[in-house]
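**Q** predicted structure and sequence below. I'll ask about it afterward.
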Amino acid sequence: MKITTATEYFEEPLYLESGRILDSFKLKYETYGELNEDRSNAIIVFHALTGSHHAAGRYDGEKNQGWWNPLIGDDKVIDTKKYFVICVNVLGSCFGSTGPMSNSEKEPLRLKFPVITISDMVKAQMKLFTRLGIDKAHAIIGGSMGGMQALCVAIEYPEFTKRVISIASTYATQAWAIAFNRLAMEGIVNDPRFKNGHYEMSDFKEEGLFGFAVGRMAGHISFLSPHSMDSKFGRNYVATDGLYELFGRFEVERYMEYNGHSFAKRFDPLSYLYIIKAMNIFDATRNYDSLEHSLHHIKSKLTLIAFKEDKLFRPKEMEEIRDTLVNLGRGSEVDYVCVDSDYGHDAFLIEYDKFDFYIEKALR
C-alpha cells in the first residue's frame, strides 16, 4: 500500500460560520493507494475527536498502526488497490493542521483562536480536495465526529459524492454527550497549569495536565458500556494494591488512570476544548427550518450504522435521520442498521468484524 503524508498551505482567507476569518491555514493529510486517471476512485475518511490524518499503515520506528488500519489497505474492505483513500487532520486539531497552538511567525492565537464548527472543518477540507483535483468522491466515510462531517458534506455539498457512510454518529449532539464534554472542559480550564491557555507546548509532555486527564477519564466512560466494562474488568482488584488501602484500586480504576494520564501527554488541551466545542454545537438543522428541510438537500445514498449499546450517540438518533428520509418519500435512499454490539460507542474502532461488510456493501 502506497502511503503519502503531506501538508497543504492555503494563503487565502477561510470565512467561518461564526463570522470570524482565518487569514490563512494549513491542513495535514495522508493518502493511501493511487488516484486513477479520471480521478473517480477517491474515498474520503473523516476522523473522530481524538483521531488524526494517520488512519492506516505504520510509520517507520513506531509500533502503533493507523486508527482504522484493519479496514484500510490492500485487499481490505476499503481496498487501496482499488481506491485512493484520503484522511485529513481537521482544522483545530494538534496533529499538523491549523489550530489554537499552531506554530507560526507570530505567537499562537491560543484562546483568541476562533470557535470553529463541523461545517468549517468540512469547508477547509473541500478546498483541499479541489486543489488535489478531486471534484467528486466515490464515497465518504466517518465515525462519531467523522460521521458528523460525512453528514455535513452530504447536506452542504450534495454533488460531491453519491455514497455517504455515517457510523456511530448523530445529526445534532444531545445533552448527554454535551454533559460529558463539560466535565473535560471544567477539568482543563480550572487546572492551575493551564494558565488560561498561556502554557508552552512542551509543558505536558512529561506529565499531562491533571485536570485534562480527569476529564478524559469521564469522557472515556461514555465511550464504553456497562456490559463491556463488566466483561473487561469485572470486580478484579489490582494484585499489588491492598483491599483495605484507601487508595487501593480495582482494575477498572487503573485502566481509567492509565488512559486519562497517557492521553493528556499526547493531546493538546486547547485543541481538545475547541474540538469538543465544535461537536457540542453541531446541529445539522441550525441553518435550516427543520431536519426535513436539512436532509431534503441530500442527493447521495446514505448508509447509517449504529451500535446497540452506544450511550454517547444512541441508535435512536440515527433512526431519526432514517425516519425523516422515509417520511420525505426517500426511504430507498437510506440504509440503516443497528449492530448487535455490547461494547459501546467505541465499537466502531474495535469490533470491525461486526460492521465491515455493511461498508463493503455500501461501496459496491
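**A** Noted; the coordinates are in hand. Since the model is a prediction, treat every value here as computed from it, not as a measurement. Residues are numbered from 1 along each chain as shown.

**Q** for residue 49, phi and psi?
**A** phi -50, psi -60 (degrees, to the nearest 10).

**Q** how about the one 10 residues further on?
**A** According to degrees, to the nearest 10, the main-chain angles of residue 59 amount to phi -80, psi 150.

**Q** could you measure from it over to residue 299?
**A** Applying CB to CB, to the nearest Å, the value for residue 59 to residue 299 is 38 Å. All C-beta atoms are positioned from the backbone trio N, CA, C, and that covers glycine.

**Q** these two: who's more crowded?
**A** A count of neighbours by other CB atoms under 10 Å puts residue 299 above the other of residue 59 and residue 299, at 15 against 12.

**Q** what's the closest non-adjacent residue to the more buried one?
**A** residue 158 (4.2 Å; CB to CB, 6 or more residues apart in numbering).

**Q** what's the helix or strand hosting residue 120 in contact with?
**A** Following DSSP states H and E, one finds residue 120 within helix 118-131. For helix 118-131, contacts defined as CB atoms under 8 Å, 6 or more residues apart in numbering pick out 8, 10, 14, 16-17, 25, 27, 29, 42, 44, 86, 88, 90-92, 135, 137, 145, 148-149, 152-153, 156-157, 160, 278-279, 282.

**Q** now stretch 210-219
**A** 180-181, 183-191, 193-194, 204, 256-257, 259-261, 263-264, 267, 269, 272.

**Q** surely residue 306 touches residue 321?
**A** No - if you go by CB atoms under 8 Å, residue 306 and residue 321 don't touch, sitting 9.9 Å apart.

**Q** those two: who's more crowded?
**A** Taking other CB under 10 Å, residue 306 and residue 321 do not tie; residue 306 has more neighbours (28 against 24).

**Q** name the element that one belongs to?
**A** Going by DSSP H and E, residue 306 is in strand 301-307.

**Q** list the buried residues in the helix or strand that that strand is followed by.
**A** With elements assigned by DSSP H and E, the helix or strand that comes after strand 301-307 is helix 315-327. Neighbour counts over helix 315-327 (16 or more other CB atoms under 10 Å) mark 315, 317-318, 320-322, 324-325 as buried.

**Q** partners of the helix or strand that helix 315-327 is followed by in the sheet?
**A** Using DSSP H and E, the next helix or strand after helix 315-327 towards the C-terminus is strand 334-339. Taking DSSP bridges as the criterion, strand 334-339 sits next to strand 301-307 (parallel) in its sheet.

**Q** so the strand it pairs with versus helix 315-327, what angle?
**A** When axes from the mean of the first three to the mean of the last three CA atoms, to 10 degrees is applied, the directions of strand 301-307 and helix 315-327 differ by 160 degrees.

**Q** what about strand 301-307, distance to the chain center?
**A** Relative to the chain's own centre, strand 301-307 is displaced by 16 Å; criterion: CA atoms, centre = their mean, to the nearest Å.

**Q** ok, and what's touching that strand?
**A** 154, 162-168, 313-315, 317-319, 321-322, 325, 333-339, 341, 343-345, 347-348, 355, 358-359, 361-362.

**Q** got any ranges where the stretch 1-150 of the chain has weak pLDDT?
**A** Residue ranges of the stretch 1-150 of the chain with pLDDT under 70: 103-105.

**Q** what ranges does it have for its strands?
**A** All strands of the stretch 1-150 of the chain, identified by DSSP state E, counting those that start in this stretch, fall at 3-10, 14-15, 21-22, 25-32, 42-46, 72-73, 78-79, 84-88, 139-143.

**Q** could you dump the ones you listed into a markdown table with mean neighbour count and distance to residue 200 added?
**A** Rendered in a markdown table, the data for the strands of the stretch 1-150 of the chain read as follows (neighbours: other CB atoms under 10 Å; distance: least, CB to CB, whole Å):
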| stretch | mean neighbour count | distance to residue 200 |
| --- | --- | --- |
| strand 3-10 | 14 | 23 |
| strand 14-15 | 15 | 27 |
| strand 21-22 | 14 | 23 |
| strand 25-32 | 22 | 21 |
| strand 42-46 | 27 | 31 |
| strand 72-73 | 24 | 35 |
| strand 78-79 | 20 | 39 |
| strand 84-88 | 26 | 27 |
| strand 139-143 | 27 | 33 |
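
**Q** got those strands as JSON lines, with distance to residue 247 columns?
**A** JSON lines is the format used below for these (distance: least, CB to CB, whole Å):
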{"stretch": "strand 3-10", "distance to residue 247": "43"}
{"stretch": "strand 14-15", "distance to residue 247": "48"}
{"stretch": "strand 21-22", "distance to residue 247": "46"}
{"stretch": "strand 25-32", "distance to residue 247": "41"}
{"stretch": "strand 42-46", "distance to residue 247": "41"}
{"stretch": "strand 72-73", "distance to residue 247": "42"}
{"stretch": "strand 78-79", "distance to residue 247": "45"}
{"stretch": "strand 84-88", "distance to residue 247": "41"}
{"stretch": "strand 139-143", "distance to residue 247": "36"}
